[in-house]
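Trainee: turn this into a structure:
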Amino acid sequence: MGHEADVTAAGGISHAGVLPELATDAATGRWAHHFRRPVERLFTAQERDHVTILFGGLTWKHERFIQAAFQACAYHFQPLPNPTLASYHLGRNFENSK
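Mentor: Next up, the predicted model:
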């Protein structure tokens with residue numbers, strides 16, 4: 001439903017029914033190369049002793065809960081510190097440095 005390409009009267013393919021990953025670049029007319037997520041490397045049990053998992057972005061209660069669960073499974077787990085107003089302004093200065 002809607003994934004088939006529509007053939008125009010001139011013999012070309014219209015963009016209306018083409019899947020997004022198969023769309024052509026309008027400026028060059030060539031097939032676009034879209035981003036593909038790289039293959040993820042497995043985290044093995046042998047790496048538990050010398051690898052620390054960094055985690056953040058949740059509430060402190062959730063982070064402590066997840067930290068306890070990982071440490072119970074013999075993983076090294078360290079929650080990242082919460083951002084401060086100073087770190088916000090520092091990041092904003094780098095982002096708006098045009």
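Trainee: after the longest helix along the chain, which helix or strand is next? Please name it.
Mentor: Counting by DSSP state H, the longest helix found in the chain is helix 60-72. Heading C-terminal from helix 60-72, the first helix or strand you meet, by DSSP states H and E, is strand 76-79.
Trainee: buried set for the following helix or strand past that following strand?
Mentor: Next in sequence after strand 76-79, counting helices and strands by DSSP H and E, comes helix 85-95. Judged by neighbour count (16 or more other Cβ atoms under 10 Å), helix 85-95 contains no buried residues. Yep, even glycine has a C-beta here, placed from its N, CA and C like the rest.
Trainee: one step back: would you put the C-alpha positions of the longest helix of the chain in CSV?
Mentor: These are the backbone C-alpha positions of helix 60-72, laid out as CSV (Å, rounded to 0.1, in the frame of the first residue of the first chain):
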residue,chain,number,x,y,z
TRP,A,60,18.4,10.4,40.6
LYS,A,61,16.1,7.7,42.0
HIS,A,62,16.0,5.9,38.7
GLU,A,63,19.7,6.2,38.2
ARG,A,64,20.4,4.8,41.7
PHE,A,65,18.0,1.9,41.1
ILE,A,66,19.7,1.0,37.8
GLN,A,67,23.1,1.4,39.4
ALA,A,68,22.1,-1.1,42.1
ALA,A,69,20.8,-3.6,39.5
PHE,A,70,24.0,-3.4,37.4
GLN,A,71,26.3,-3.6,40.4
ALA,A,72,24.4,-6.7,41.6
